[in-house]
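Participant: any chance you can model this:
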Amino acid sequence: MSSNIRLQKTCQHCGNRFTAKTTVTQFCSDTCAKRAYKQRKRNEKIEVAIKEETEKALYNPAIAQKEFLTVEEACQLINASRWTIYRLIEKGELKAGKLGRSTRIPRAAINELFKLTEA
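Facilitator: Numbering: from 1, shown residues only. Now for the predicted structure:
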């Protein structure tokens, strides 16, 4: 069953006018359809990356209540990378202890790190 429908439409990608043979056609050519698909997939990836970044950046108020923090929790609390925390521990500027394989940082040690020196 073929259709004799001919509609003037505007391509959703390039904006050119074309004659569509169906009512659901959105693009003037296969090339425009492929380019629109790639653009849509690219935008989806960007949205996912932005969403993941904002989820990481959210501050967890439960961290402020804890007496001993993991390295990841200390990272969130002082907004530093894991490697910065490990470097501070290695230099002796931040006191930490090992509990099995995990490293725990006392809350008092973080407060001491940022204590202002009285002059």
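Participant: determine the longest helix present in the protein.
Facilitator: Longest among the helix segments of the chain by residue count, using DSSP state H, is helix 30-57.
Participant: that one: what's the following helix or strand?
Facilitator: Sequence-wise, the next helix or strand downstream of helix 30-57 (DSSP states H and E) is strand 68-70.
Participant: helices or strands next to that next one in the packing?
Facilitator: Here strand 68-70 touches strand 102-106, helix 107-113, going by 3 or more Cβ pairs under 8 Å, 6 or more residues apart in numbering; DSSP states H and E. Where C-beta positions appear, they are placed from N, C-alpha and C, glycine not excepted.
Participant: at 10 Å instead, please
Facilitator: Secondary-structure packing of strand 68-70 (3 or more Cβ pairs under 10 Å, 6 or more residues apart in numbering; DSSP states H and E): helix 71-78, strand 97-99, strand 102-106, helix 107-113.
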